[in-house]
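K.L.:
next one to model:
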Amino acid sequence: MSTKPQLITYVDRLAGDLRGLADVLRMELEGVFAGVHLLPFYPPIDGADAGFDPADHTLVDPRLGNWNDVGRIGAEHRVMADLIVNHVSCDSAQFRDWAARGAESEFDGMFLTRDRVFPDGASREHLDLIYRPRPWPPFTTYEIAGEAREIWTTFTSEQIDLDVNHPAAWNYLMTVLDRFRDAGIDIVRLDAIGYAIKKPGTTCFMIPECFAFIQRVTDATRARGMDVLVEVHSHHRFQVDVAGQVDRVYDFALPPLVLYGLLCGDAEPLGRWLDMAPRNCVTVLDTHDGIGVVDVASEGDEAGLLSNDQVDRLVGAIHASSGETSLRATRSTGLSSDVYQINCSLYDALGRDDEAHFLARLLQVLVPGLAQVYYGGLLAAPNQMALLDRTEIGRNINRPYYDATSRRAALGQPVVRATLNLLRWRADNDALFHGSFTCAATGGTLRLRWQGQDAQLRAEVDLARRSFIIELAGRQIVDWSGFS
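P.N.:
Okay, the predicted model is just below:
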């Protein structure tokens, strides 16, 4: 499978609409990306969670275009789309029908109620066990056919959890997959699937029954000719455990470990992770979510990839590098940065240091996996403080909007031009990165080696001094200009 770089982007925030994005990929980003992850483009793109709360998962928001426009992008790029497994919007036709008609609705049973999981009531101990990505209780009271019912709402009160074991919910998910297949989608990202199965007396997150459900959805997706990527933010063992079941799994540990290496001058935690990380991973440095801390932290008695002291050091370094704007954005979500994630752009997390920003991307394209590049990180976007102030949504600090003028200006930045050249170089040398990989880390230095069938690459990256040397086919590259 090709590991040529792919883009992650909101359609409207980078290019206005789908036709605009097709133009950007074909012209301004020519030769850079072999694929694109279209972040949710279903109505409404401006709902409670920026498209991750679909009212109709089978439609394209008309403000962006239609399925034919998605197909035009797919004619030249591999396209990834999100199957939002755990929930739908409270404005979906199915939920509105059930709320109005209750047991008379054909969708009765499709949505998960508290009493479905806890028919005999839930003790405080049971409730405290539930793993929560947000600091509030996972239930919201709705009136269903005139009766107050407690509904599971894992993420926000507007995102209604599905009872994925019910035939109506399964049929709904299969209808979405059929729509994806017909539109030519290549890769399906299983969003929030770790929360899909709830069982009393458990964390209700990535429990054994969830792994079985992941296999069921994976089989259904592959039967339709599409590959599967699983999205799980949690202890790194889950990435390792699920990697064998699916085509791709995220390497969410990479961003905090790269940041720790660059901000703290210590490459050894990154080197240890690269020795054990799944080889079928999708690598990222930043995404539409925050910078994951939970992915490298300890959990109970299980050690993390960073010690508690190292996590504290990383969190403090990011806040300091961003002028504490990341602290403000993270607090605005109510999340604890040392438990879950930090809201910050990659560029500000690195103190707007162009060399460090380029070096982070260099590390991403040199390690095993399929590199996906978030549009904000690609364009070296700083923290969006005005957007944060206007919306009071912490993650909007790293979800910038561009028009043609601001996008061209961003593309003209020296660090962005160097990054584009690096990504083209990576695409042109993709065959080499299907060979054997070894690495070693000492202090602040990471040494990488790729042995392909016809060529060898050696790289030495000094994270403490923020320098590198790459040797490929007898040629040395020691600075940004070597990729131009």
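K.L.:
how about low-confidence regions in the protein?
P.N.:
Low-confidence segments of the chain (pLDDT under 70): 331-339.
K.L.:
assign a three-state SS to the spatially most central residue of it, would you?
P.N.:
The centroid of the chain falls nearest to Thr287 when counting by Cα atoms, centre = their mean (5.2 Å). Following DSSP: H, G, I helix; E, B strand; the rest coil, we place Thr287 in the coil state.
K.L.:
how is this structure divided into domains?
P.N.:
6-85+165-435, 93-161 (automatic domain parsing).
K.L.:
tell me which of those lies nearest to Phe483.
P.N.:
domain 6-85+165-435 (4.2 Å; Cβ to Cβ). For every residue, glycine as well, the C-beta is placed using N, CA and C.
K.L.:
sorry, back to before: residues in contact with the residue nearest to the centre of the chain?
P.N.:
8, 374 (Cβ atoms under 8 Å, 6 or more residues apart in numbering).
K.L.:
likewise Leu362?
P.N.:
Taking Cβ under 8 Å, 6+ apart, one finds 422, 461, 468 in contact with Leu362.
K.L.:
what does the helix or strand harbouring the first one contact?
P.N.:
What that stands for is Leu422. Under the criterion of DSSP states H and E, Leu422 resides in helix 414-428. Residues outside helix 414-428 that contact it (Cβ under 8 Å, 6+ apart) are 4-5, 29, 31-34, 354, 357-358, 361-362, 365, 371, 373, 378-380, 410-411, 433, 480, 483-484.
K.L.:
among these, name the buried ones.
P.N.:
4-5, 29, 32-34, 354, 357-358, 361-362, 365, 371, 373, 378-380, 410-411, 433, 480, 483 (16 or more other Cβ atoms under 10 Å).
K.L.:
among those residues, which ones are in strands?
P.N.:
Taking DSSP state E as the definition of strands, the buried ones among the contacts of helix 414-428 contribute 371, 373.
K.L.:
of the buried ones among the contacts of helix 414-428, which belong to helices?
P.N.:
Within these, residues falling in helices by DSSP state H are 354, 357-358, 361-362, 365, 378, 410-411.
K.L.:
can you report phi and psi for Ala148?
P.N.:
Backbone torsions of Ala148, given as degrees, to the nearest 10, read phi -70, psi 120.
K.L.:
ignoring the adjacent residues along the chain, who's closest to it?
P.N.:
Among residues not flanking Ala148 along the chain, Thr141 sits closest, at 5.5 Å (Cβ to Cβ, 6 or more residues apart in numbering).
K.L.:
so what's the residue count around the closest residue to Gly31 other than its chain neighbours?
P.N.:
Nearest non-adjacent residue to Gly31, counting by Cβ to Cβ, 6+ apart: Arg424, 5.2 Å away. Around Arg424 there are 19 other residues, counting by other Cβ atoms under 10 Å.
K.L.:
who's in contact with Thr156?
P.N.:
Thr156 sits in contact with 48-49, 53, 134, where contact means Cβ under 8 Å, 6+ apart.
K.L.:
just the buried subset of those residues, please.
P.N.:
If we count by 16+ other Cβ under 10 Å, the contacts of Thr156 have these buried: 48-49, 53.
K.L.:
mind listing what's buried in stretch 263-274?
P.N.:
Within stretch 263-274, the residues that count as buried by 16+ other Cβ under 10 Å are 263-264, 266-271, 273-274.
K.L.:
kindly export stretch 280-294 (C-alpha atoms) in PDB.
P.N.:
Output of stretch 280-294 as PDB, limited to C-alpha atoms (Å, rounded to 0.1, in the frame of the first residue of the first chain):
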ATOM      1  CA  ASN A 280       0.500  -0.100   9.600                       C
ATOM      2  CA  CYS A 281       0.000   3.300  11.300                       C
ATOM      3  CA  VAL A 282      -1.200   6.600  10.000                       C
ATOM      4  CA  THR A 283       1.100   9.300  11.400                       C
ATOM      5  CA  VAL A 284       0.000  12.800  12.300                       C
ATOM      6  CA  LEU A 285       1.600  15.800  14.100                       C
ATOM      7  CA  ASP A 286      -1.600  17.700  14.600                       C
ATOM      8  CA  THR A 287      -5.200  17.300  13.700                       C
ATOM      9  CA  HIS A 288      -8.600  19.000  14.200                       C
ATOM     10  CA  ASP A 289      -8.500  17.800  17.800                       C
ATOM     11  CA  GLY A 290      -5.900  18.800  20.400                       C
ATOM     12  CA  ILE A 291      -2.400  17.400  21.000                       C
ATOM     13  CA  GLY A 292      -3.000  14.100  22.800                       C
ATOM     14  CA  VAL A 293      -1.400  13.700  26.200                       C
ATOM     15  CA  VAL A 294      -3.400  10.700  27.200                       C
END
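K.L.:
tell me how far Leu257 lies from Thr445.
P.N.:
15 Å (Cβ to Cβ, to the nearest Å).
K.L.:
just to revisit the earlier point, among the ones in helices among the buried ones among the contacts of helix 414-428, which one sits closest to His166?
P.N.:
Closest approach between those and His166, by Cβ to Cβ: Leu378, at 40.7 Å.
K.L.:
how near is that closest one to Pro368?
P.N.:
Applying Cβ to Cβ, the value for Leu378 to Pro368 is 21 Å.
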